[in-house]
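K.L.:
Here is a sequence together with a model predicted from it:
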Amino acid sequence: AVSEDAMLPENAWMRLPHIAVNGMTNCGKSTLINHILRWTYAAKASSVPGRTKSIDFYCINNRFVLVDLPGYPDPEELAHQGVLKKWEAHWQ
């Protein structure tokens with residue numbers, strides 16, 4: 001028997017609804033995705049600010065896509081100044 005996944009076009013996930021998980025650096029976005037998926041290691045979570053550097057897509061049951069975005073730095077926090085400079089340089 002052919003699975004339902006095998007019958008879908010390769011780029012079908014692009015037409016599904018996308019839910020972006022966005023927020024400041026080190027606020028728990030990846031942890032939230034892991035909790036929603038009930039999979040500890042789906043998204044790389046870390047106590048180090050700025051760990052997520054790429055935009056990651058998770059297709060959920062061919063119904064919607066969770067998008068894990070890199071965090072944006074808090075300009076008030078000195079600990080995040082290095083992340084802020086890298087973020088600004090990357091997105092300019």
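P.N.:
Arrived safely.
K.L.:
tally of neighbours for Val65?
P.N.:
17 (other Cβ atoms under 10 Å). For glycine as for every other residue, the C-beta is placed from the backbone atoms N, C-alpha and C.
K.L.:
Correction: the previous question concerned Trp91.
P.N.:
So Trp91, with other Cβ under 10 Å, has 8 neighbours.
K.L.:
Need the per-residue pLDDT for it.
P.N.:
pLDDT, Trp91: 75.
K.L.:
what do you get for Gly50?
P.N.:
pLDDT at Gly50 comes out at 63.
K.L.:
One more: the one 10 residues further on?
P.N.:
Predicted confidence (pLDDT) for Ile60: 86.
K.L.:
contacting residues for the closest residue to Cys59 other than its chain neighbours?
P.N.:
Distances taken as Cβ to Cβ, 6 or more residues apart in numbering place Trp13 nearest to Cys59, at 4.4 Å, with adjacent residues excluded. Counting by Cβ atoms under 8 Å, 6 or more residues apart in numbering, Trp13 makes contact with 57, 59, 62, 65.
K.L.:
now Cys27
P.N.:
Gly71.
K.L.:
Is it within a helix or a strand, and which one?
P.N.:
Per DSSP states H and E: Cys27 is located in neither a helix nor a strand.
K.L.:
Distance of it relative to Ala89?
P.N.:
22 Å (Cβ to Cβ, to the nearest Å).
K.L.:
Same question for Trp13.
P.N.:
31 Å.
K.L.:
ok, now Ile19?
P.N.:
28 Å.
K.L.:
Compare the two and say which one has the larger neighbour count.
P.N.:
Between Ile19 and Ala89, Ile19 has the larger neighbour count (other Cβ under 10 Å), namely 13 against 8.
K.L.:
nearest spatial neighbour of that one, skipping sequence neighbours?
P.N.:
Closest to Ile19 by Cβ to Cβ, 6+ apart is Leu66, at 5.5 Å.
K.L.:
isn't the one you found right next to His35, touching?
P.N.:
No. In this structure, Leu66 is not within contact of His35 by Cβ atoms under 8 Å, at 11.4 Å.
K.L.:
And the strands in the protein?
P.N.:
18-21, 56-60, 64-68 (DSSP state E).
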